[in-house]
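Participant: Here is my input; please provide its structure:
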Amino acid sequence: MSAQSKGPQEWSEIIAGAYAAGSKPPLTERLLAQVRETVQNACAKTDGLTTFGSEDIARINESLDHFEQALHAVHGPRLVAVDIDSSVAQMCYRSEADHPLRAFGGQ
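Facilitator: Okay, the predicted model is just below:
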């Protein structure tokens with residue numbers, strides 16, 4: 001399957017994997033499966049998955065916010081961009097210190 005013909009499931013694997021790589025604490029397999037499902041639901045609303053616009057990225061990041069808020073225990077990076085051609089999700093932390101923010105407490 002070419003990068004441009006990936007569906008929500010494939011993109012959720014890529015984005016969830018990038019999220020998990022920077023999550024603190026590390027995700028269990030069960031939590032990783034939840035992230036995949038959360039991201040897949042957000043990707044399903046993206047128009048054709050041939051581009052990821054700012055609205056699409058915001059929707060995916062919002063789904064990650066909801067995931068973290070429901071757990072009150074995990075914090076990870078957010079999606080910045082998706083390179084369709086190389087199938088890479090670029091992530092970064094929300095804080096300037098390159099560390100995840102603590103829940104309800106700033107840095």
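Participant: any weak-confidence spans in this protein?
Facilitator: Residues of the chain that meet the criterion pLDDT under 70 lie in 1-4, 47-49, 95-107.
Participant: Strands of that one, residue ranges please.
Facilitator: 78-83, 88-92 (DSSP state E).
Participant: Direction included, what does the longest one pair up with?
Facilitator: To tie it back to what came earlier, the one meant is strand 78-83. Under the criterion DSSP bridges, strand 78-83 sits next to strand 88-92 (antiparallel) in its sheet.
Participant: The partner strand: which residues count as buried?
Facilitator: Neighbour-count burial for strand 88-92, counted by 16 or more other Cβ atoms under 10 Å, picks out 89, 91. Placement of C-beta: from N, CA and C, glycine included.
Participant: Check stretch 59-72 too.
Facilitator: When neighbours are counted by 16+ other Cβ under 10 Å, the buried residues of stretch 59-72 are found to be 59, 60, 61, 63, 64, 67, 68.
Participant: Kind regards, and thank you for your time.
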